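>>> Starting from these lines, generate the structure:
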Amino acid sequence: MGGMWSGGSAPRGGSWPRGEVATATAQPVCDCPCSRRRLVLGEMERAVAAAEFNILLATDSYKVTHYKQYPPNTSKVYSYFECREKKTENSRLKKVKYEETVFYGLQYILNKYLKGKVITKEKIQEAKEVYREHFQDDVFNEKGWSYILEKYEGHLPIEVKAVPEGSVIPRGNVLFTVENTDPECYWLTNWVETILVQSWYPITVATNSREQKKILAKYLLATSGSLEGLEYKLHDFGYRGVSSQETAGIGASAHLVNFKGTDTVAGIALIKKYYGTKDPVPGYSIPAAEHSTITAWGKDHEKDAFEHIVTQFSSVPVSVVSDSYDIYNACEKIWGEDLRHLIVSRSPKAPLIIRPDSGNPLDTVLKVLEILGKKFPVVENAKGYKVLPPYIRVIQGDGVDINTLQEIVEGMKKNKWSIENVSFGSGGALLQKLTRDLLNCSFKCSYVVTNGLGVNVFKDPVADPNKRSKKGRLSLHRTPNGDFVTLEEGKGDLEEYGHDLLHTVFKNGKVMKSYSFDEVRKNARLKDSELEVAPH
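Numbering: from 1, shown residues only. Next up is the predicted model:
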């Protein structure tokens, strides 16, 4: 795969309802063309409706029965989402602590799945039939959903408040809240938990990506004195390694919150549709070779393959995977001798980027740099670190995760190589090797109204104090010294720390507030305190 040059700026249903099938297959009273056309159109409309996403089927099975389980006369259920702290865990034993999270992706879920008329007669019928068979009993809340369809024309009577997208918030703070806006729909709040909690994925990808950006920034600054090219230092190679096309789009967009290099094209369309950017696209790539475009020439013609590719892309950065046979021979003999004349004549804005793709990541990077350092003129920068000439660089795209990334840049620093020389590609580790447990993403009820009386509720499992939940209505504030604090039991109404940082983003089927991708990136940018120079 490719990866951007890091040397500077660069650019989802089910069958039709049974009664509906009988109607659809009946012969028209009149066999005229118009009648037949209407019949066909009606069948098509029902087919489309059946194939559409159905929020009535997008929940955990047990939630279908929960409307019967709340206390009688419940009129309000209020719940919140957070990335819990693990207070009993010895964080000193962890290489990466993930003490704060990047809030991202809720806007996509609200727009794609919850806004507008999401309930129809056909969807209610579909859900009724599915759940009758699924539970072997009539437990589905047909009356409740029909109420929403009739009173709200299929729009969801809930309100969601959230922190701004891109916000970097310490673990243990409220990130968004959900509550019903109609007392008849108390059961709806936690129905949507399932789909809203899927925001754990973009949050986790964005958080993990940002932590890697912090590592790269520290070492780049320490070994070069500049942050030039930082946004292109970690390229997304994860498209083929994720579970679905949608996962690719969500995950890639989350990485692009922090970086601008990607080969996962799905993220670009998602950002343009659900966030928008001032730039034509939010992510970039370059021409690059894969093993097939090298091995297709045959083992004895690797040099010819290399020469052909760099000639085809002579005026732009080009990445060439060089380990099809022997990465070290490729660097020393082919790039360093046979094709050296083609490399040294390239513009600093169009470097050759050599890609190793096997072996121990740290050892390979160091050995490749050592070989190239003997074949091309190396200079020492102002910080005393070695830099290859601007027409040649290296991208390590194999075995890269947050831990190996740290090891590689630390090893380079110890060996006096500037991070200017390299960029990284990460695939499965960036977009797929993550779970909801990494950041302990959790959604819990904290307040209910029963018989007209508001009650602060919580859970406090004796076996795990980490799972203790918050109480009451919540708000998020900044203290006078800038720290974030979550106020429980409605205490935020006193505005001791100023206004609530949770804003209404969704209400009664409408998206009330949106953020551009540029705003998201601005909110997630690294702070000066996160750029402290790596220790010597």
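>>> Centre-most residue in the protein?
Note on the chain: the residue nearest the mean C-alpha position is residue 202, at 2.7 Å, using CA atoms, centre = their mean.
>>> And the helix or strand where it lies, how far out from the chain middle?
In this assignment (DSSP states H and E), residue 202 forms part of helix 200-224. The chain centroid and the centroid of helix 200-224 are separated by 14 Å under CA atoms, centre = their mean, to the nearest Å.
>>> now swap in stretch 509-523 and tell me
Centroid separation between stretch 509-523 and its chain, computed with CA atoms, centre = their mean, is 15 Å.
>>> Pull the residues that contact it.
104, 107, 110-111, 114-118, 152, 154-157, 164-168, 253, 256-258, 271, 275-278, 282, 503-506 (CB atoms under 8 Å, 6 or more residues apart in numbering). Placement of C-beta: from N, CA and C, glycine included.
>>> can you check stretch 271-279 too?
Contacts for stretch 271-279 (CB under 8 Å, 6+ apart): 107-108, 111-112, 165, 253, 256, 281-283, 514-518, 520.
>>> again, only this time at 7 Å
107, 108, 111, 253, 256, 282, 515, 516, 517, 518, 520 (CB atoms under 7 Å, 6 or more residues apart in numbering).
>>> Name the nearest of those residues relative to residue 411.
Distance to residue 411 across those (CB to CB) is lowest for residue 256, with 27.7 Å.
>>> Contacts only, for the closest one.
Here residue 256 is in contact with 262, 267, 271, 282, 283 (CB under 7 Å, 6+ apart).
>>> Which pLDDT value belongs to the second one?
The one in question is residue 267. Note for residue 267: predicted pLDDT of 99.
>>> Could you do the third one as well?
In the prediction, the pLDDT value recorded for residue 271 is 99.
>>> sorry, back to before: the residue nearest to the centre of the chain and residue 104 touch, don't they?
Yes. Shown here, residue 202 and residue 104 form a contact pair, counting by CB atoms under 7 Å, at 4.9 Å.
>>> Residue 130 is in what secondary structure piece?
helix 121-135.
>>> And for residue 403?
Counting by DSSP H and E, residue 403 is found in helix 402-414.
>>> tell me what that helix is packed against?
Packed against helix 402-414 by the contact rule (3 or more CB pairs under 7 Å, 6 or more residues apart in numbering; DSSP states H and E) you find helix 200-224, helix 361-375.
>>> where's the spatially closest residue to residue 145 that is not a sequence neighbour relative to residue 134, distance?
With CB to CB, 6 or more residues apart in numbering as the criterion, residue 145 has its nearest non-adjacent residue at 5.0 Å, and that residue is residue 124. Remark: distance between residue 124 and residue 134 (CB to CB, to the nearest Å) = 15 Å.
>>> Who has more neighbours out of those two?
residue 124 (22 against 14; other CB atoms under 10 Å).
>>> Enumerate every residue touching that one.
Counting by CB under 7 Å, 6+ apart, residue 124 touches 56, 142, 145, 146, 149.
>>> So what does the second one look like in phi/psi?
When quoted as degrees, to the nearest 10, the phi and psi of residue 142 stand at phi -60, psi -40.
>>> which residues of the stretch 301-450 of the chain fall in strands?
Ranges of strands in the stretch 301-450 of the chain, per DSSP state E, counting those that start in this stretch, are 318-321, 352-355, 379-380, 386-387, 392-396, 422-426, 441-450.
>>> Which strands or helices does the fourth one pack on?
Packing partners of strand 386-387 (3+ CB pairs under 7 Å, 6+ apart): none among the helices and strands.
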